[in-house]
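1. Have a look at this prediction, sequence included:
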Amino acid sequence: MLETAHDEIKKAAKKLQLTDQDIDELLKVEHEHQFKIELDSGKTLGAFRMQHSSKRGPYKGGIRFHPDVDLDEVKALATLMSFKTAAVNIPMGGGKGGVVVNPRELSKEEVEEIARKYVRGLQEHLGPQTDVPAPDVNTNGEIIDWMVDEYSKLTGDETKASFTGKTIANGGSEGRIQATGYGGYLVVNELLEQMGRADEELTFAVQGAGNVAEYFVRSVLDKRPNWKFIAISDSSATVYRKDGLDMHSLLALKEGKGRFSDYEGGDAEVRSSYAIIGLECDVLVLAALGDAVNEGNQDQVKASMILELANGPVDSDVMEELEWRDISIIPDIVANAGGVIVSYLEWQQNLDGEHWPEDTVLRKLEDIIVPATRDMVTTSRKENVNLKTAAFINAIKRLKNA
């Protein structure tokens, strides 16, 4: 992951004719924190916080609890967050943290102990104007609430702006749950507007049925009745109907903890979960796993456009082949930035002692992510590069000028 991140940055940097010294400066992580968390039970856990760049503002990035967390992964994610925040032009930097643990094997009390001791181990390196972490893999609002409480006890800070992704009752933001899916809708809508295709009857296939996919689908149903969903998949199956699906019933099935393999929807077909990749459609929305399109299946893709709502769902090794086949890829660095943008808006609300209604938060999200999409398209056309390289070029320019 770290090598792939560096390759993307170097590709854009060379397009800007930066020197090797300039590139090294862009890649350098400002601070690396590694420490041990000693639990009362006697267990010892490895913990990390990578702080890549503070040139544009406080470090920003999640904390993951996972048994496979390692230094290079956290470093790569911290680096990419610096470029993501710069690509969408919010005044924050990039960071990432993790603890080497499987929280499913622990009691709730042990998870809380880890959360609080993680903050104690990093207290002097965190804070509203220094580093503002958020939830990530296997962490959530409750865990972040414990971290905020611990930070407040240690420092006396009462703003709750030390972390984002908190529960609503503890200073979290409205609109957080919708942010990534709705942001993805705004990005693809703006891109199609730029192409003069937004008012066409377009077909969509969605890989994934979690929170991000759900709110992408709901946004389209609400705002673009001319766009038709012909397929959606979860880990059990793909549901397909060439003339369009009843997405309301499919979303209701998932809300009831059902699986698509059990779907009974008239003349809709139930196929394997992997079938989603090869369906003929205008836009393939990847909202599930990394490397969903890879060397083994890239030749099956029949969509004319791919929207990356997951992190790294298109293997970097196959992007050139897809583009040679005139398949446009809307990159995750902008497409799924809705979450970090609303994290930034939560931080703003906390600093100002305010709590905005959902419609205000989503309007402010739109005011940030739509211009970022336009900037990406403009740079792509001007520099004759793909959208991903264009987004990285914009990010590099902002980091260099910070």
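-> Happy to help now that I have it.
2. For the residue nearest to residue 234 when sequence neighbours are not counted, which residues are in contact?
-> Spatial nearest neighbour of residue 234, excluding adjacent residues (CB to CB, 6 or more residues apart in numbering): residue 209 at 4.2 Å. Every residue, glycine included, has its C-beta placed from N, CA and C. Taking CB atoms under 8 Å, 6 or more residues apart in numbering, we find residue 209 in contact with 232, 233, 234, 250, 254, 260.
3. List the ones among those that fall in helices.
-> In helices, judged by DSSP state H, the following of those are found: 250, 254.
4. Tell me the secondary structure of the residue nearest to residue 234, please.
-> Following DSSP: H, G, I helix; E, B strand; the rest coil, residue 209 is assigned to coil.
5. What distance do you get for it to residue 300?
-> 20 Å (CB to CB, to the nearest Å).
6. Also residue 244?
-> For residue 244, the distance to residue 300 - CB to CB - is 22 Å.
7. repeat for residue 212
-> Applying CB to CB to residue 212 and residue 300 gives a distance of 23 Å.
8. Can you pick out the residue with more neighbours from these two?
-> residue 212 (26 against 12; other CB atoms under 10 Å).
9. what about that one, helix or strand, and which?
-> For residue 212, the host element (DSSP states H and E) is helix 211-223.
10. Spit out the contact partners of residue 106.
-> Residue 106 touches residue 114, counting by CB under 8 Å, 6+ apart.
11. and if we set it to 7 Å?
-> Contacts for residue 106 were tallied using CB atoms under 7 Å, 6 or more residues apart in numbering; there are none.
12. Residue 203: neighbouring residues, count only.
-> Count around residue 203 with other CB under 10 Å applied: 21.
13. Give me the nearest residue to it, chain neighbours excluded.
-> residue 281 (4.4 Å).
14. what sits against that neighbour?
-> Per CB under 7 Å, 6+ apart, neighbours of residue 281: 203, 204, 205, 230, 303.
15. same thing with residue 46?
-> Here residue 46 is in contact with 36, 100 (criterion: CB under 7 Å, 6+ apart).
16. All further residue positions should be reported with the first residue as 13.
-> Got it, first residue is 13 now, which makes that one residue 58.
17. Pairing partners for it in the sheet, please.
-> residue 48 (DSSP bridges).
18. pLDDT wise, what is it at?
-> pLDDT, residue 58: 97.
19. Output the longest helix belonging to this structure.
-> From DSSP H, the single longest helix across the chain is helix 370-395.
20. and the helix or strand just after that helix, which residues are buried?
-> For helix 370-395, the following helix or strand on the C-terminal side (DSSP H and E) is helix 399-413. When burial is assessed from 16 or more other CB atoms under 10 Å, helix 399-413 yields the following buried residues: 399, 400, 401, 402, 403, 404, 405, 406, 407, 408, 410, 411.
21. now, which of those sits nearest residue 17?
-> residue 404 (10.0 Å; CB to CB).
22. Does that closest one touch residue 24 like I think?
-> Yes. Using CB atoms under 7 Å, residue 404 is in contact with residue 24, at 3.6 Å.
23. quick one: the strands in the chain?
-> In the chain, the strands defined using DSSP state E lie at 43-50, 56-65, 71-77, 106-111, 143-147, 215-219, 240-245, 250-252, 281-283, 295-298, 317-320, 340-342.
24. can I get those strands in JSON lines with distance to residue 354?
-> Shown next, in JSON lines, are the strands of the chain (distance: least, CB to CB, whole Å):
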{"stretch": "strand 43-50", "distance to residue 354": "26"}
{"stretch": "strand 56-65", "distance to residue 354": "21"}
{"stretch": "strand 71-77", "distance to residue 354": "12"}
{"stretch": "strand 106-111", "distance to residue 354": "17"}
{"stretch": "strand 143-147", "distance to residue 354": "10"}
{"stretch": "strand 215-219", "distance to residue 354": "21"}
{"stretch": "strand 240-245", "distance to residue 354": "24"}
{"stretch": "strand 250-252", "distance to residue 354": "30"}
{"stretch": "strand 281-283", "distance to residue 354": "35"}
{"stretch": "strand 295-298", "distance to residue 354": "20"}
{"stretch": "strand 317-320", "distance to residue 354": "18"}
{"stretch": "strand 340-342", "distance to residue 354": "19"}
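25. what about those, which gets the closest to residue 393?
-> That would be strand 340-342 among the strands of the chain, by CB to CB, at 12.6 Å.
26. so what strands line up beside the closest one?
-> strand 317-320 (parallel).
27. So for the residue nearest to residue 215, what's the pLDDT?
-> Confidence score, pLDDT, at residue 293: 98.
28. And the contacts of residue 293, which two are furthest apart?
-> Pairwise over those, using CB to CB, the maximum falls at 242 and 315, 10.9 Å.
29. Thank you kindly, that will do.
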